[in-house]
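*Asks:* have a look; sequence and predicted model below, questions after that.
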4 protein chains.
Amino acid sequence: MRKIAVLTSGGDAPGMNGAIRAIVRVGIKRGFEVYGVYEGYKGLVAGNIKKLGYSDVSEILSKGGTILESSRLPSFKEDKVQEQAIHQLKQRGIDGLVVIGGDGSYKGALALSQKGIDCIAIPGTIDNDINGTDETIGFHTALYNIIDAVNKLRDTSSSHHRCFVVEVMGNHADNLAIYSAIACGSEIVITDKTEYDENKIIEELKICEEEYHKKHAIIIVSEKILDVEKLANRISEETGYSGRSIVLGHIQRGGSPVPEDRILASKMAEEAICLLEKRKSGLCICMKDNQIISKNIEEALIEKNENHDRLYQLFLDLA
Amino acid sequence: MRKIAVLTSGGDAPGMNGAIRAIVRVGIKRGFEVYGVYEGYKGLVAGNIKKLGYSDVSEILSKGGTILESSRLPSFKEDKVQEQAIHQLKQRGIDGLVVIGGDGSYKGALALSQKGIDCIAIPGTIDNDINGTDETIGFHTALYNIIDAVNKLRDTSSSHHRCFVVEVMGNHADNLAIYSAIACGSEIVITDKTEYDENKIIEELKICEEEYHKKHAIIIVSEKILDVEKLANRISEETGYSGRSIVLGHIQRGGSPVPEDRILASKMAEEAICLLEKRKSGLCICMKDNQIISKNIEEALIEKNENHDRLYQLFLDLA
Amino acid sequence: MRKIAVLTSGGDAPGMNGAIRAIVRVGIKRGFEVYGVYEGYKGLVAGNIKKLGYSDVSEILSKGGTILESSRLPSFKEDKVQEQAIHQLKQRGIDGLVVIGGDGSYKGALALSQKGIDCIAIPGTIDNDINGTDETIGFHTALYNIIDAVNKLRDTSSSHHRCFVVEVMGNHADNLAIYSAIACGSEIVITDKTEYDENKIIEELKICEEEYHKKHAIIIVSEKILDVEKLANRISEETGYSGRSIVLGHIQRGGSPVPEDRILASKMAEEAICLLEKRKSGLCICMKDNQIISKNIEEALIEKNENHDRLYQLFLDLA
Amino acid sequence: MRKIAVLTSGGDAPGMNGAIRAIVRVGIKRGFEVYGVYEGYKGLVAGNIKKLGYSDVSEILSKGGTILESSRLPSFKEDKVQEQAIHQLKQRGIDGLVVIGGDGSYKGALALSQKGIDCIAIPGTIDNDINGTDETIGFHTALYNIIDAVNKLRDTSSSHHRCFVVEVMGNHADNLAIYSAIACGSEIVITDKTEYDENKIIEELKICEEEYHKKHAIIIVSEKILDVEKLANRISEETGYSGRSIVLGHIQRGGSPVPEDRILASKMAEEAICLLEKRKSGLCICMKDNQIISKNIEEALIEKNENHDRLYQLFLDLA
């Protein structure tokens, strides 16, 4: 019986457990023996590997995070460290590996596949910043968490004539910012792909207040762009709104995965098993135009990102 | 200035308000004067029509239901009734109409377009049962509501060794059932496209209990197929589980729309405005392979439904 | 080292796990060895008893249901069956028992205490129908679940001019009905302590519609009083509202316990341990006038229920 | 017909709308004409006062914040400013006023009552820091929001072996911190009434990790005590956990009020109306030992706070 393993790597994302569950269950149904690697590449190198049965993945579909835990191991790009990982797998007779994680994790999978392990990568990150796929596991839940938080901020904002500057995650991608701005109906959105002119923002807020008589305003800002507290202070000083800031932080990552992430994870994991059955390697699973497909990891990583110009235009038309 | 109107028809769906908001705001930005028709075709015939401004659609994006209210008017298929609707529109100088609703509503839009009004239809229904589009507005929120409810049932089921038979909506389509079965990890799913053999269900439950030692089981059933209470009773009698049934009912329809429905509604409404700008008519907006497109209503309505065989196979592999 | 045990009995209630956790952790800190009895009295008689350590109750505080599972065992009122339970405890050197459950479970605890086991009862039921205590574990979460469900029904009701007849749990007590009616702002509430005159209900709905121009109406009904579907049908026939009914059922019991139930459970369990330390028996824990106290089970069971007249008057003043 | 008014003052709190609704509806039923003062004392002085009818408070029970808006007006302690407020009320024939807010707001109510307006104060603040009452409107919802956020942080913490330092609100009171620490089962809680020794915290975390093998740890900290980021950094350096910090901020204030806050608000408002009927003044409404009572504002403000020693001991026994 062929043996395969699964690991999660990089930042955790809600829905990873759904992918693990599907790898294990579909894997077993298709005749594999499935192993779980704990703590990502670190655990792989250390040999923290256990066999997983059908019931080991019961009740995990609705849980956030990853039961296999995750970690970052920068030294995994070193040849010697990769060899140690290969050794741990071969010693157990494991010749296939599914890696669930972000694009950093993909490179490790690619390296292992070049060294003889059948490796398939699955996109798991809330940032939706992996080239080649329209969606990543965890993105939908993070979006939900942001909208839920902004709903709460609106109540208190209206009561005090406030403008809230809300920092959301997304790494250098603007997906979480632009989608959540549309979904929560924010007044302004700032990402590193939109322009960012503080004077113009102040002007726009004055229009919100004086022309549209809005009782409050919400500004969604991607992380790593500006100091939200400083912008809030300037708003207090120069507009009729009382400015406040909040960094949503890790509450965006957690919580029970929404159905979209559970289903996406299940579909992608099933495809990964299909590819391992066919002895494919060095591929990543993508959701492209509503189809589950696979691509060479190398080619996927250099694909151009989706252009959000049209989404940003939609945002501007709605605000 | 050209005048257009928007109405919601058929069963309400979360996200309809996002579509109304986008029709009004994008419409105004593109130079239209926008009117709201209250209570669907009934209100159209009665002339229950009011002008909507930018601020009239503030704060509605996060609300379930439809601020324009909805209704069913079977007599709208009569020529005379349609003429009366046309009269109401023409009298106000309105020559474009966006209809948000299910496939019943599409037929009304088609009839009006054939009588000279530029009509565009947008798919709004939780059932996701409209041909030609992969997704309808409201489906994602209904799915979320079902998963949330089943989460609650699991706790109590595990404590009492229960099997819950859960009836979900979906009209004659099996979308809500099959997607929610995968997303909640149910043990069994019954739709009018799966087989349905009570003896086999009893057998499967015995395997759940005796082989997998599951403390509880969930069976998802599409509406209009079987009597969930009777099935629950038989389960109590013939298996080790105590059977219970629940009809989720209208709580599936309500609640603040999830981000996916808000974004889908905004995108579809923007496309509808684009088409009205180009003086198109008799078209419906579709989300197909992750692209917003439009089709002739007549052609869309006779398109074949998505085949769920692969999804059902995925379900079977996971259960 | 003294040995004590804990069991859950009767219908499960969210927060029972918090009580189990506190019994185990406070018990251990105060020098007891703590055992868990699985499946209530049935498991007690069968000897389904395991030692519980600090980590066995990690991560359960936020979970609904009861990890010890529950059951009903009508034969536990028989002397012979009780003796068997006593035997199971004595054989393991266990001389103290905490029973978490409803008033049926209290009688078992009383019987065991009379036969020489130190028994303390803790009120765990969503119905809040135990004499002697103002609050029971699980009531707050059930109330939350009802309000959440009614929130969802309101959206769809407003869109279709509907009157929803909502059946809530509560056994023969009217607590869930009356509190949820106030908390959700329902138009009408029907319990076995309010009057129930269908003609008057129809009259009131007509006033809601014609005088107050309400777009929808909500009627909260205690279980076991009337057929909600029939009432909904009559409403459709005789008022301007379209009547619909829903039986909320077991979704009221589930879900992560709200903070109030977690805190109440923790406080009550701590008090139970204090009493066992003092070798008390035959007592039940009560929350009375915001104080955690204890009473003789026999006396508590015959105390008069809280009189809800004032709450019902408040409801009438608000509706 | 006697005229009375209602205003909200200080920080907004979920449930204030329930109190406004009850003041209006119960007030009208008891024969008052009821006015709403917008923007707190600022609006009172400016004469921003409107009559409120039964339907003006429809659909607000489930909304966070306050529809009357709130503000802070430090100059309201000046005699001259108070006279202006009195003038605004007398000019409209209003001789009774209900003030919903924190203890700062109480002082304004007291001053107005001494100048001849019948004033009743209702405790509305998430901090639960008003002397004389066991509970304030908004506290339960804030507690719920904290627990919800910590639930999300736990998932991601377990996946990465993290210790999260979570700053919660509460002003100088420790209610939110200590109740949420018990309710979420945090490992450590720090308020200005507990001791705070960083070295001891590091020690405790090492025990969590090494003795109890906990995969993550949560530390709840009251605001205004320490720099959560700095503590998180020290945890990263000196323990096996990766330290992270989050300031929950204003998401604690928002959201639909939980049932407890809606019911508390309704009961307190009813009592305020009863007192105004009896021409009482200078009183505040309190929930004391589960009874709604009233006290002289002056006496209530100097009452000693609840002693949380026993709650803290419970926390320590559970952690």
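*Replies:* All right, it came through fine.

*Asks:* and the stretch 1-150 of chain A, which residues reach chain B?
*Replies:* Contact residues, the stretch 1-150 of chain A versus chain B (C-beta under 8 Å from any C-beta of the partner chain): A:21-22, A:25-26, A:29-30, A:54-55, A:58, A:61-62, A:134, A:140, A:143-144, A:147. In this view, the C-beta of every residue, glycine as well, is placed from N, C-alpha and C.

*Asks:* show the end-to-end separation of stretch A:32-47, please.
*Replies:* End-to-end distance of stretch A:32-47 (C-alpha to C-alpha, to the nearest Å): 20 Å.

*Asks:* go through the residues of the stretch 1-150 of chain A next to chain B and name the one nearest chain C.
*Replies:* A:Ser62 (11.1 Å; C-beta to the nearest C-beta).

*Asks:* ok, the closest one - contacts?
*Replies:* Neighbour list for A:Ser62: A:256-257, A:262, B:147, B:151, B:154, B:184-185 [criterion: C-beta atoms under 8 Å, 6 or more residues apart in numbering or on different chains].

*Asks:* where does pLDDT dip in the stretch 201-319 of chain A?
*Replies:* Counting by pLDDT under 70, the stretch 201-319 of chain A has low-confidence residues at A:305-307.

*Asks:* please, where are all the strands along it?
*Replies:* For the stretch 201-319 of chain A, strands defined by DSSP state E, counting those that start in this stretch occupy the ranges A:217-222, A:242-247, A:283-288, A:291-296.

*Asks:* how near is A:Tyr153 to chain C?
*Replies:* Slight slip there: residue A:153 is Leu, not Tyr. Going from A:Leu153 to chain C by C-beta to the nearest C-beta, to the nearest Å gives 19 Å.

*Asks:* ok, now A:Gly36?
*Replies:* A:Gly36 is 19 Å from chain C, where distance means C-beta to the nearest C-beta.

*Asks:* I'd guessed that residue sits against A:Ala19; true?
*Replies:* No. Using C-beta atoms under 8 Å, A:Gly36 is not in contact with A:Ala19, being 11.8 Å away.

*Asks:* those two: which has the busier surroundings?
*Replies:* Using other C-beta atoms under 10 Å in any protein chain shown, the more surrounded residue of A:Gly36 and A:Ala19 is A:Ala19, with 31 against 22.

*Asks:* so who does that one touch?
*Replies:* Per C-beta under 8 Å, 6+ apart, neighbours of A:Ala19: A:6, A:100, A:122, A:124, A:137, A:265-266, A:268-269.

*Asks:* name the member of these with the most neighbours.
*Replies:* The most crowded member of those is A:Ile100, carrying 36 neighbours; neighbours defined as other C-beta under 10 Å.

*Asks:* in contact with A:Leu44, which residues?
*Replies:* Applying C-beta under 8 Å, 6+ apart, we find A:Leu44 in contact with A:5, A:7, A:37, A:85, A:88-89.

*Asks:* what about 6 Å?
*Replies:* Residues near A:Leu44 by C-beta atoms under 6 Å, 6 or more residues apart in numbering or on different chains: A:7, A:37, A:85.

*Asks:* how about the strand or helix carrying it: buried residues?
*Replies:* Element membership for A:Leu44, per DSSP states H and E: helix A:40-46. Residues A:40-45 are the ones in helix A:40-46 that count as buried (16 or more other C-beta atoms under 10 Å in any protein chain shown).
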